[in-house]
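Novice: predicted model and sequence below, questions to follow.
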Amino acid sequence: MIFYKRYDILTMYLYERKTKMKVTKDTLIGEILDFDVETARFFFEIGMHCLGCPHSRGESIAEACAVHGTDADALVKKINDYLASK
């Protein structure tokens with residue numbers, strides 16, 4: 001019985017983690033792309049075409065937007081709106 005409760009809690013945690021993501025300016029680009037590769041288009045829109053580069057995957061949204069001269073809050077909103085619509 002205890003095994004089933006632990007299994008259910010773990011299953012629910014993993015399901016929520018896989019189906020829900022809340023992006024912030026501190027979220028790493030690699031985490032976002034791992035969660036949903038279709039979010040790449042939002043990075044392409046700001047001129048970030050090197051998404052496969054290990055350095056870009058370790059950058060936060062705030063860092064990437066600073067380098068590319070774009071508004072981090074606007075990008076966060078776009079990505080969160082997109083993820084919420086799925």
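Specialist: Happy to help now that I have it.
Novice: Glu38: neighbour count?
Specialist: Neighbourhood size, Glu38 [other CB atoms under 10 Å]: 11. Any C-beta I mention is one placed from the backbone N, CA and C, and that applies to glycine too.
Novice: center of this structure, which residue is that?
Specialist: Most central in the chain under CA atoms, centre = their mean is Ile32, positioned 2.1 Å from the mean C-alpha point.
Novice: am I right that that residue falls within a helix?
Specialist: Yes - looking at Ile32 with DSSP: H, G, I helix; E, B strand; the rest coil, it is inside a helix.
Novice: pLDDT score for Cys65?
Specialist: Predicted confidence (pLDDT) for Cys65: 92.
Novice: over to Phe42?
Specialist: Value listed for Phe42 in the pLDDT field: 95.
Novice: what residues are up against it?
Specialist: 75, 78-79, 82 (CB atoms under 8 Å, 6 or more residues apart in numbering).
Novice: mind doing that once more with 7 Å?
Specialist: Going by CB atoms under 7 Å, 6 or more residues apart in numbering, Phe42 touches 75, 78-79.
Novice: tell me which of the residues you listed fall in strands.
Specialist: Nothing among the contacts of Phe42 maps onto strands, per DSSP state E.
Novice: buried set for stretch 28-47?
Specialist: Using 16 or more other CB atoms under 10 Å as the test for burial, stretch 28-47 gives 28-29, 32-33, 35, 39-40, 42-43, 46.
Novice: ok, which stretches of the protein are helices?
Specialist: Using DSSP state H, the helices assigned to the chain run over residues 2-19, 29-35, 40-45, 54-57, 61-68, 72-85.
Novice: and the residue lying closest to Ser56 once chain neighbours are set aside, what's its pLDDT?
Specialist: Closest residue in space to Ser56, ignoring its immediate chain neighbours: Cys50 at 5.2 Å, by CB to CB, 6 or more residues apart in numbering. At Cys50, the model reports a pLDDT of 81.
Novice: neighbours around Cys50, how many?
Specialist: Other residues within reach of Cys50, judged by other CB under 10 Å, total 11.
Novice: quick one, phi psi at it?
Specialist: Main-chain dihedrals, Cys50, degrees, to the nearest 10: phi -110, psi 50.
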